[in-house]
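Enquirer: Okay, here's the prediction I keep looking at, along with the sequence it came from:
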Amino acid sequence: MNTTQFIKLLQQEGYPDPVEVKQVPNGSLDEHTHPFAVKALVIDGSIDITIQGNRKTYSIGDVFELRFEELHSESYGPTGVIYLASRNR
């Protein structure tokens, strides 16, 4: 998916405009939750997200979603990751 398609999808689903998020190479975040739902488009690098022991890698053009307060951990590829993220309550 490209940025234009992603923004259109967000609008259709009632999400606000996204913000750009950058994470450092080979960084990680332990298990945590967010008080909002997230829909994001990877625009550079890669991110691994683990939910209930299931790890999935997202790369350029991939969209990932997290439900409201969904417990997850994150790790970032060797070049880090940049993604466009939108939050919805």
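Expert: Done, it's in. Owing to the predicted nature of the structure, the values given are computational and were not obtained by experimental measurement.

Enquirer: what mean pLDDT does the top strand by length along the chain have?
Expert: Secondary structure of the chain per DSSP state E: the longest strand is strand 72-88. For strand 72-88, the per-residue pLDDT values average out at 97.

Enquirer: strands paired with it, and their directions?
Expert: Taking DSSP bridges as the criterion, strand 72-88 sits next to strand 19-23 (antiparallel), strand 28-32 (antiparallel), strand 37-51 (antiparallel) in its sheet.

Enquirer: Of all those, which one comes closest to Leu71?
Expert: Of all the strands paired with strand 72-88, it is strand 28-32 that lies closest to Leu71, at 5.7 Å by Cβ to Cβ. (Glycine included, C-beta is placed from N, CA and C.)

Enquirer: residues in contact with that closest one?
Expert: Residues outside strand 28-32 that contact it (Cβ atoms under 8 Å, 6 or more residues apart in numbering): Leu71, His72, Ser73, Glu74, Ser75, Tyr76.

Enquirer: And those, which of them are buried?
Expert: Among the contacts of strand 28-32, those buried by neighbour count (16 or more other Cβ atoms under 10 Å) are His72, Glu74, Ser75, Tyr76.

Enquirer: now those in CSV, with distance to Leu9?
Expert: CSV is the format used below for the buried ones among the contacts of strand 28-32 (distance: Cβ to Cβ, whole Å):
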residue, distance to Leu9
His72, 21
Glu74, 22
Ser75, 25
Tyr76, 24
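
Enquirer: do you know how far the spatially closest residue to Arg87 that is not a sequence neighbour is from Asn26?
Expert: Closest residue to Arg87 apart from its sequence neighbours, by Cβ to Cβ, 6 or more residues apart in numbering: Phe36 at 4.2 Å. Here the criterion is Cβ to Cβ, to the nearest Å. By it, Phe36 lies 27 Å from Asn26.
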